[in-house]
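Participant: Got a predicted model here, sequence first, then my questions.
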Amino acid sequence: MSHSSPQHFTPEHDINVGRNLTREVAEFIISTDFEDIPADVLHLAKKSILDGFGLALAGSVAESGLIIKRYLKTLATPGKAIVIGTEIQTAARFAAFANGVAMHADDFDDTQLAVASDRVYGLLTHPTAPCLPAAFSEAHIGGLGGREFVTAYVIGIDVECKIAEAISPRHYQHGFHATATCGPFAAAGSVGHLRNFDRDAMVRTLGIAGSQSGGLRENFGTMTKPFHAGRAAESGIVACDLAEMGWTATDKILEAPRGFFQAHGGGYEVDSIRGKLGSPWSFADPGISIKPHPSGSLTHPGMTLMLELIAEHGIIAEEVEKVDVGTNHNMLNALIHHRPQDELQAKFSMEFCLAILLLEGQAHLQEFTDEVVLRPDVRQMIERVNFQVHPEAEKAGYDKMTTLITIHLKDGRKISGCSDFGKGSPANPFSWGGVGEKFYRCADFARWPRNKTEDIVGLVEHIESLDSLEELAQLLMS
């Protein structure tokens with residue numbers, strides 16, 4: 001695993017470097033089988049699938065989920081695909097849209113990790129939210145079993161992650177949200193695999209998906225951020241629907257001088273994707289992180305460290321004079337809400353995330369509400385948190401989420417610590433039981449019956465053995 005700065009290829013300079021890359025991706029999608037997925041990758045994938053279903057349940061009761069439910073009723077589109085956490089069944093594209101929004105609504109879904117020195121660790125894409133809804137809707141209504149479903153999901157995840165890893169970092173730095181832009185390729189890949197597309201149809205599908213790619217980081221902290229994930233999931237299904245009917249598209253959407261990589265990022269690192277699909281699988285290396293808190297992933301090393309310091313030193317909120325927290329400047333540029341005014345802004349506020357841990361000792365879904373964010377004691381504690389660039393974090397590089405915290409107590413003591421990675425990362429992973437506990441808490445937040453949630457966990461744990469997804473779908477519906 002190299003941490004050196006990559007040389008980014010610009011298609012305008014030499015088209016031959018990336019020649020037939022789109023075809024290579026399409027070939028990987030259509031030719032990969034369940035037997036190609038190692039046992040460890042399958043286990044990791046099932047953890048993210050369970051996590052995604054729990055987040056969809058929680059997201060179904062978010063304000064955005066309620067709006068989406070009203071919106072779907074205005075469409076009155078017949079279909080058999082389920083909207084998780086509701087009684088609604090609709091066309092696959094709209095179910096995927098709704099479930100993608102729900103999975104990303106609380107910013108609690110998994111994140112792709114990056115290790116190149118010019119990228120911000122943990123800040124590439126949220127792989128499951130665009131991919132899982134599309135793969136599940138397609139496999140369920142197509143009467144397919146768990147092996148087919150999980151294979152398509154793992155394929156889509158790898159396509160999304162490798163594309164996100166390859167594109168120039170300018171893509172994210174200049175405002176694109178990679179979940180929105182790379183996500184359509186994941187959804188298209190998983191659905192195209194399930195429909196047994198040939199290479200020509202898959203290439204055209206990727207071309208259609210690429211032209212639906214879009215989403216801007218300026219919308220972080222609003223409902224439009226989870227809209228990105230839902231729209232990406234829907235776009236993949238739309239691309240497959242049209243390609244299946246003979247819709248035409250370019251055969252070089254990724255590598256062309258006017259294609260995805262150049263238009264969205266100004267270039268890409270071809271060696272990050274060529275020959276790397278499924279080798280290694282992104283789930284295994286560098287890994288995908290499952291979140292312990294419903295906030296931006298860059299808050300998690302600091303939150304993990306804060307909980308450790310509170311437990312080790314018995315810190316209580318009343319004793320705290322101030323907190324200094326330092327990171328690299330890219331983390332500061334992403335965590336933009338220093339004085340959040342609502343729950344969505346709080347997810348991108350280092351100040352809130354540390355303040356609420358000092359006050360409540362936890363930060364789960366019930367802490368991320370408008371009422372909690374606006375509480376007087378929370379506002380006062382936020383004012384005591386100073387978030388700034390720290391030279392040690394800058395020196396550590398962007399391939400870590402280095403966070404340094406110093407807690408100044410009123411009795412004059414200073415308690416300090418440093419963390420590079422948060423709970424849930426490959427360096428500090430959740431067990432299957434830990435993911436299950438998170439799932440139960442998300443389901444409880446949605447007031448989902450415990451007998452249903454226990455059955456869901458059991459089915460997902462052995463999903464590759466299911467001949468049909470119907471029982472699982474029924475458990476996810478009200």
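Facilitator: Alright, I've got the coordinates.
Participant: Let me see the ranges of the helices in the stretch 201-350 of the chain.
Facilitator: For the stretch 201-350 of the chain, the helices defined by DSSP state H, counting those that start in this stretch occupy 224-244, 260-265, 300-313, 329-334, 343-346, 350-360.
Participant: Alpha carbons only: can I get the last one in CSV?
Facilitator: The C-alpha atoms that make up helix 350-360 are tabulated as CSV, following Å, rounded to 0.1, in the frame of the first residue of the first chain:
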residue,chain,number,x,y,z
MET,A,350,-16.4,19.5,15.4
GLU,A,351,-17.4,21.9,18.1
PHE,A,352,-20.8,20.3,18.6
CYS,A,353,-19.6,16.8,18.3
LEU,A,354,-17.1,17.2,21.2
ALA,A,355,-19.4,19.4,23.2
ILE,A,356,-22.2,16.9,23.2
LEU,A,357,-19.9,14.1,24.4
LEU,A,358,-18.8,16.2,27.3
LEU,A,359,-22.4,16.9,28.3
GLU,A,360,-24.1,13.6,27.5
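Participant: quick one, strands of the stretch 301-450 of the chain?
Facilitator: With DSSP state E, counting those that start in this stretch as the criterion, the stretch 301-450 of the chain has strands at 320-327, 385-389, 403-409, 414-419.
Participant: Reformat these as a markdown table; add mean pLDDT and distance to residue 86.
Facilitator: The C-beta positions use only the backbone N, C-alpha and C, and glycine is treated the same way. What follows is these, written out as a markdown table (pLDDT from 0 to 100; distance: least, C-beta to C-beta, whole Å):
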| stretch | mean pLDDT | distance to residue 86 |
| --- | --- | --- |
| strand 320-327 | 98 | 39 |
| strand 385-389 | 97 | 38 |
| strand 403-409 | 98 | 38 |
| strand 414-419 | 97 | 39 |
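Participant: Select, out of those, the one closest to residue 172.
Facilitator: strand 320-327 (16.3 Å; C-beta to C-beta).
Participant: Name the residues that touch that closest one?
Facilitator: The contact list for strand 320-327, computed with C-beta atoms under 8 Å, 6 or more residues apart in numbering, reads 298, 302, 350, 354, 358, 381, 384-390, 392-393, 401-410.
Participant: Whichever of these end up buried, select them in PyMOL.
Facilitator: Of the contacts of strand 320-327, the buried ones can be selected in PyMOL as follows, counting by 16 or more other C-beta atoms under 10 Å:
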select buried, resi 298+302+350+354+358+381+384+385+387+390+393+401+402+403+404+405+406+407+408
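Participant: Go through the strands of the stretch 301-450 of the chain and name the closest to residue 178.
Facilitator: strand 320-327 (19.8 Å).
Participant: okay, the angle between that closest one and helix 350-360?
Facilitator: Using axes from the mean of the first three to the mean of the last three C-alpha atoms, to 10 degrees, the inter-axis angle of strand 320-327 relative to helix 350-360 is 140 degrees.
Participant: can you pull the buried residues of strand 320-327?
Facilitator: So, applying 16+ other C-beta under 10 Å, buried residues of strand 320-327: 320, 323-327.
Participant: do stretch 347-366 as well
Facilitator: Neighbour counts over stretch 347-366 (16+ other C-beta under 10 Å) mark 347-359, 363-365 as buried.
Participant: Quick one: end-to-end distance for that stretch.
Facilitator: End-to-end distance for stretch 347-366: 13 Å, by C-alpha to C-alpha, to the nearest Å.
Participant: Now find how far off-centre that stretch is within its chain.
Facilitator: With C-alpha atoms, centre = their mean, to the nearest Å as the basis, stretch 347-366 stands 20 Å off its chain's centre.
Participant: same deal with stretch 417-434?
Facilitator: 16 Å.
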